[in-house]
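Asker: let's see this in three dimensions:
(one chain, ligands or ions: 1)
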Amino acid sequence: MAYWKGLIEEYRPYLPVTDKTPVITLKEGDTPLLFGPRISKKLGNGLKLFFKFEGLNPTGSFKDRGMTMAMSKAVEAGAKTVVCASTGNTSASAAAYAAHAGIACAVFLPHGSIALGKLAQSMIYGAKVLAVEGNFDQALKLTRELADKYPVTMVNSNNPFRIEGQKTAAFEIVDTIGDAPEYHAIPVGNAGNITAYWKGYKEYKEKGISKSLPRMCGFQAAGAAPIVEKRVVENPQTIATAIKIGNPFSWKKAEAARDESKGLIEAVTDEEILLAYELLASLEGIFCEPASAASLAGVIKKNQKGYFTEGERRVVCTLTGHGLKDPDTAILRSSKPTVIKPDMTEILKALKL
Ligand code: F0G
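Answerer: Residues are numbered from 1 along each chain as shown. A predicted model of the protein is given here:
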């Protein structure tokens, strides 16, 4: 039986690797593209919603796609230490792949703004975890200064190999449905992923593997929406901590993806994000983290405004990370367990049977 070899081997001709590149892989990629019948029906309007569930990567987020490339190239170049700033997922991925490669890793996290599961990951994978008393943007600036002056390799999405790995998610979508969808919705934080998907879609079209390109629809959290507001947000705020970013590194490239694809980048509120997050879990059985649900939240909002009008309307939403990364939000938004005595009458009463 053919088995998945990890995305570098699967997409080798499309990636900047050679026979000399040591492939550091945890068999990332090959994530399911799930059709969402119940949410599609709820939205009506003939929309067909698909969810690219990136939470099923080895460390539970899309970051593993970029990290297999960044880490392989870092090891090829002789790196001994990798560093990154992160809202939690890049750090979890960097820590895991560095452990797998047998090199050191240091991560810079905004103190108090990291979901519990993500913090646990960086710690147990053995990274040096520095909790910076500041926000992500400050942590990123410090990491860049460090990498400019000292012998460490930075694996944030300023590292071009990250984008190369992440573009393979677009390849997988086309390989699954036979062409690009009409629309692609995606959360936007530091703006690397929207850049990567657009690159992937364009490359497959240039090679003649797909015939069309999607409109890229990026969504930022309303309290952290610098691209939408066209200004740096000094003190970003949102429950979606993964995208709590006020000065995205790939700002210009995200705007290019939006404009070239005739798409959009807009904002969704925390309440809209949480509603989409709950719908995904309760209507489709898909548990993603809050930031991931910004893609569906945006689609719901734009659908209400009549945005999806032309021809066939396949919409792929990237769900960037797994819900288990942020158990606190899940518990906060759910009804509490009913505590009962070990007794059948109590069970029957609780179940109203
Ligand atoms: N969704 C999740 C779950 C994320 O972790 C991130 C980014 C994004 C969306 C946005 O992607 O930055 O490429 O626009 N997380 C980074 C991190 C910033 O440090 O883990 P982006």
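Asker: how about the residues of the protein near the ligand?
Answerer: The chain has residues 61, 63, 86-90, 157, 187-193, 242-243, 289, 291-292, 320-321 near the ligand, with proximity defined as C-beta under 6 Å from any ligand atom. No exception for glycine: its C-beta is placed from N, CA and C like everyone else's.
Asker: which of these fall in strands?
Answerer: Judged by DSSP state E, the subset of the residues of the chain next to the ligand located in strands is residue 187.
Asker: in helices only, show me the residues of the chain next to the ligand.
Answerer: Counting by DSSP state H, the residues of the chain next to the ligand place 63, 89-90, 192-193 in helices.
Asker: by neighbours, which of those wins?
Answerer: Neighbour counts for these, by other C-beta atoms under 10 Å, peak at residue 63, which reaches 35 neighbours.
Asker: quick one: contacts for the nearest residue to residue 174 once chain neighbours are set aside?
Answerer: Distance criterion C-beta to C-beta, 6 or more residues apart in numbering; nearest residue to residue 174, sequence neighbours excluded, is residue 210 at 4.7 Å. By C-beta atoms under 8 Å, 6 or more residues apart in numbering, the contact list for residue 210 reads 174, 179-180, 201, 204.
Asker: can we see that at 7 Å?
Answerer: Counting by C-beta atoms under 7 Å, 6 or more residues apart in numbering, residue 210 touches 174, 179-180, 204.
Asker: and for residue 199?
Answerer: 163, 167.
Asker: repeat for residue 249
Answerer: Applying C-beta under 7 Å, 6+ apart to residue 249 gives the contacts 140, 156-158, 190-192.
Asker: my guess is residue 328 is in a helix, correct?
Answerer: Yes: counting by DSSP: H, G, I helix; E, B strand; the rest coil, residue 328 is located in a helix.
Asker: residues in a beta bridge with residue 35, which ones?
Answerer: residue 50 (DSSP bridges).
Asker: that one touches residue 50, doesn't it?
Answerer: Yes: if you go by C-beta atoms under 7 Å, residue 35 and residue 50 touch, sitting 5.5 Å apart.
Asker: give the buried subset of the residues of the chain next to the ligand as a ChimeraX selection command.
Answerer: Per 16 or more other C-beta atoms under 10 Å, the buried members of these correspond to this ChimeraX selection:
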select :61,63,86,87,88,89,90,157,187,188,189,190,191,192,193,242,243,289,291,292,320,321
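Asker: where is pLDDT lowest across the contacts of residue 249?
Answerer: On pLDDT alone, residue 157 ranks lowest of the contacts of residue 249, at 90.
Asker: now for residue 315: which residues touch it?
Answerer: By C-beta under 7 Å, 6+ apart, the neighbours of residue 315 are 47-49, 181, 183, 185, 299, 308.
Asker: and the residues you listed, which of them are in helices?
Answerer: Filtering these for helices - DSSP H - leaves residue 299.
Asker: contacts for the strand or helix carrying residue 131 next, please.
Answerer: Secondary structure assignment for residue 131, by DSSP states H and E: strand 128-132. Strand 128-132 is contacted by residues 106-111, 122-123, 138-139, 142 when judged by C-beta under 7 Å, 6+ apart.
Asker: tell me which strands it pairs with, and in which orientation.
Answerer: Strand 128-132 is paired, per DSSP bridges, with strand 104-110 (parallel).
Asker: need the residues that contact the partner strand.
Answerer: 80-88, 91, 94-95, 98, 122, 127-132, 134-136, 139, 142-143.
Asker: other SSEs contacting the helix or strand following it?
Answerer: Per DSSP H and E, the first helix or strand lying C-terminal to strand 104-110 is helix 116-124. Helix 116-124 sits against helix 89-101, helix 327-332, with contacts defined as 3 or more C-beta pairs under 7 Å, 6 or more residues apart in numbering; DSSP states H and E.
Asker: again, only this time at 10 Å
Answerer: helix 89-101, strand 104-110, strand 128-132, helix 327-332 (3 or more C-beta pairs under 10 Å, 6 or more residues apart in numbering; DSSP states H and E).
Asker: what angle separates the host helix or strand of residue 139 from strand 104-110?
Answerer: Using DSSP H and E, residue 139 sits in helix 136-149. Here helix 136-149 points in a direction 150 degrees away from that of strand 104-110 (axes from the mean of the first three to the mean of the last three C-alpha atoms, to 10 degrees).
Asker: quick check: closest non-adjacent residue to residue 241.
Answerer: Nearest one to residue 241, counting by C-beta to C-beta, 6+ apart, is residue 113 at 5.2 Å.
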